[in-house]
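Chemist: The following block contains a protein sequence and its predicted model.
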Amino acid sequence: MKTIFSLSVLLLMISCEPYKDGIGAGLINKDVTYNEKIPPMQIINPGQDSIDVDNDSHYDFVFFKSPKALLSGFGIITEILKKSDIQIFMDTDNKYPACLNYNDAINSSSKWSENAQKKYILQSYECGSNDCFLIGNFISVTNKYLAFRIGDNFGWILLDNVVPGALSIKGFAISK
């Protein structure tokens, strides 16, 4: 009986480790180093700001809010520039960074961008001959996660993006 109980406890402990090869978006535990931004970092149009997620004294990401000419007036584009050797979790079309919910898995089997330094659209506009429409995965979002990978470490950035208002960086985490 004692053996069955011990085996049951062991199986339960193993099953409670859903992120052995990664982390969960928004999860703060012993496996990640978390940096909360109080107050949140606000980036308004036009503006930019940067974060260093791996604490190596070099900025890893630069966020931008800037005007974009439309057919009748201006809109606002929200972008992120990542340095080389960092990958961003991409959507299924590999066109824009994926917008994750709390507890979504971030691991090696996720769809990752290339390593080269590149700027990505979080939210913008695309115009045809008669109208313009919003593009990107971070259109008027609150408490969403942008995931990244640096070598064998996974991380996430918690953000809000209000169109046409501010981009708010609330915090970020990276696996240990």
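Modeler: It's in.

Chemist: what helices or strands is the helix or strand harbouring Val62 leaning on?
Modeler: Here Val62 sits within strand 61-70, counting by DSSP states H and E. Strand 61-70 sits against strand 32-43, strand 47-51, strand 73-82, strand 118-127, strand 167-175, with contacts defined as 3 or more CB pairs under 8 Å, 6 or more residues apart in numbering; DSSP states H and E. The way it works is simple: take the backbone N, C-alpha and C, and place the C-beta from them, glycine included.

Chemist: can we see that at 7 Å?
Modeler: Applying 3 or more CB pairs under 7 Å, 6 or more residues apart in numbering; DSSP states H and E, one finds that strand 61-70 makes contact with strand 47-51, strand 73-82, strand 118-127, strand 167-175.

Chemist: Show me which positions of stretch 122-142 end up buried.
Modeler: By neighbour count on 16 or more other CB atoms under 10 Å, the buried set for stretch 122-142 is Leu122, Gln123, Ser124, Tyr125, Cys132, Gly136, Asn137, Phe138, Val141.

Chemist: Show the contacting residues for the last one.
Modeler: Okay, so that is Val141. Shown in contact with Val141 (CB atoms under 7 Å, 6 or more residues apart in numbering): Cys99, Asp160, Asn161.

Chemist: Please report phi then psi for the second one.
Modeler: For Asp160, the backbone dihedrals are phi -120, psi 140 (criterion: degrees, to the nearest 10).

Chemist: Nearest residue to the middle of this protein?
Modeler: By CA atoms, centre = their mean, the mean C-alpha position of the chain lies nearest to Leu146, the distance being 1.0 Å.

Chemist: Mind checking what secondary structure it has?
Modeler: What DSSP: H, G, I helix; E, B strand; the rest coil gives for Leu146 is strand.

Chemist: For burial, what's the neighbour tally of Tyr145?
Modeler: Each residue near Tyr145 was counted by other CB atoms under 10 Å, and the total is 25.

Chemist: my guess is it meets Leu158, correct?
Modeler: Yes. Counting by CB atoms under 7 Å, Leu158 is a contact partner of Tyr145 at 5.9 Å.
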